[in-house]
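**Student:** With the sequence up front, the predicted model follows.
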Amino acid sequence: MNTLDNRPIIPTAEIFQSTKDIEAFQNQTLRPIIKKLHLLLINHFSALLANRKGDYFKIAQDKKEDYIRAIFQNENRYKTELKGMIIGHFSIDEFEKYSYFTRLVDKRIYSIVEERILTSQKELKNFKTS
């Protein structure tokens, strides 16, 4: 089965003749993959929070956004794992495009996932660590 066949359609991700290549890649590749992986990304982030002793679940609601943003700024290991999960869903052609725009695509991956986590905080789980 072609992995492109089971990616969700994002109606707002229109591509026009004037659309830059990086924007087209984001709308045709990144956004559908990230949407498809939503639950995995939420659970992966929840596991990261658990490894941090669940501090996120103990802080005031108004501090949680800053806490999440700090993770995306400082946790290079998490960002590497995140990038690997997304890149693992690329086709060969998509990977070749990614190789051309690596730094720009990486920034977009982190930005899109960060916003998805921020808007889905109610889905985060408080995994108990042993």
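**Tutor:** In hand now; what should we look at? Since the structure is predicted, the reported quantities are computational estimates derived from the model, not experimental observations.
**Student:** which secondary structure elements does the helix or strand F45 falls within contact?
**Tutor:** Secondary-structure element containing F45, defined by DSSP states H and E: helix 38-51. The elements that helix 38-51 packs onto, with contact taken as 3 or more C-beta pairs under 8 Å, 6 or more residues apart in numbering; DSSP states H and E, are helix 76-87, helix 102-119. Using the backbone N, CA and C atoms, a C-beta is placed for each residue, glycine as well.
**Student:** I33: which of the ones you listed is closest?
**Tutor:** Closest of the helices and strands packed on helix 38-51 to I33 is helix 76-87, at 5.6 Å (criterion: C-beta to C-beta).
**Student:** what residues does stretch 98-110 touch?
**Tutor:** Residues outside stretch 98-110 that contact it (C-beta atoms under 8 Å, 6 or more residues apart in numbering) are 21-22, 25-26, 30, 34, 72, 79, 82-83, 86-87, 90.
**Student:** check contacts around the spatially most central residue of the chain.
**Tutor:** Nearest to the mean C-alpha position of the chain, counting by C-alpha atoms, centre = their mean, stands V113 at 2.8 Å. V113 sits next to 34, 41, 72, 82, 86 when contact means C-beta under 8 Å, 6+ apart.
**Student:** give me that answer again for 10 Å
**Tutor:** 30, 34, 37-38, 41, 44-45, 72, 78-79, 82-83, 85-86 (C-beta atoms under 10 Å, 6 or more residues apart in numbering).
**Student:** Rebuild those residues as a markdown table, extending it with distance to E94 and neighbour count.
**Tutor:** What follows is the contacts of V113, written out as a markdown table (distance: C-beta to C-beta, whole Å; neighbours: other C-beta atoms under 10 Å):
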| residue | distance to E94 | neighbour count |
| --- | --- | --- |
| L30 | 9 | 23 |
| I34 | 13 | 23 |
| L37 | 15 | 18 |
| H38 | 19 | 15 |
| L41 | 18 | 21 |
| H44 | 21 | 16 |
| F45 | 24 | 25 |
| F72 | 23 | 18 |
| Y78 | 23 | 18 |
| K79 | 19 | 18 |
| L82 | 17 | 23 |
| K83 | 14 | 17 |
| M85 | 14 | 16 |
| I86 | 10 | 22 |
